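**Student:** mind looking at a prediction? Sequence and model below.
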Amino acid sequence: MKHLLMQAKEEILQLRRQNEILSAKVETMELFALVLRTQPNYPGMTMGEDIAWQLAREIQRIEDEARTP
């Protein structure tokens, strides 16, 4: 039984280490993806109008209409 428990412990520790390594790799790949997407000539990115700005503009228009008799 002790041997089985030792194997289980070792496997858990090994899997935890692999998760740490994979997590670091994923973090690195996400960072690269962010850097690549910030290139000015990146063809996949287009700039659209900011939705928060559109909402603020619409709210202001509604408030202005409510103030005018």
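**Tutor:** The structure has been received and is ready for your questions.
**Student:** do you know how far residue 36 is from residue 27?
**Tutor:** 15 Å (CB to CB, to the nearest Å). Where you see a C-beta, it was placed from the backbone N, CA and C, and this is true even at glycine.
**Student:** hmm, I typed the wrong one, I wanted residue 63.
**Tutor:** From residue 63 to residue 27 the distance is 44 Å (CB to CB).
**Student:** tell me the secondary structure for residue 49?
**Tutor:** When classified by DSSP: H, G, I helix; E, B strand; the rest coil, residue 49 comes out as coil.
**Student:** tell me how far it lies from residue 58.
**Tutor:** Using CB to CB, residue 49 is found at 12 Å from residue 58.
**Student:** kindly report the same for residue 69.
**Tutor:** Residue 69 is 21 Å from residue 58, by CB to CB.
**Student:** how about the helices in the protein?
**Tutor:** 2-37, 51-67 (DSSP state H).
**Student:** can you lay out the ones you listed as JSON lines showing mean neighbour count?
**Tutor:** Formatted as JSON lines, the helices of the chain follow (neighbours: other CB atoms under 10 Å):
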{"stretch": "helix 2-37", "mean neighbour count": "10"}
{"stretch": "helix 51-67", "mean neighbour count": "9"}
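**Student:** can these go into CSV with extra columns for mean pLDDT?
**Tutor:** Output for those, formatted as CSV (pLDDT from 0 to 100):
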stretch, mean pLDDT
helix 2-37, 88
helix 51-67, 87
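**Student:** quick one, what contacts residue 4?
**Tutor:** By CB atoms under 8 Å, 6 or more residues apart in numbering, the contact list for residue 4 is empty.
**Student:** can you start the count at 36 instead of 1 from here on
**Tutor:** In the new numbering, first residue 36, that becomes residue 39.
**Student:** and it, how far from residue 52?
**Tutor:** 21 Å.
**Student:** now do residue 61
**Tutor:** 15 Å.
**Student:** cool, residue 37 as well?
**Tutor:** 23 Å.
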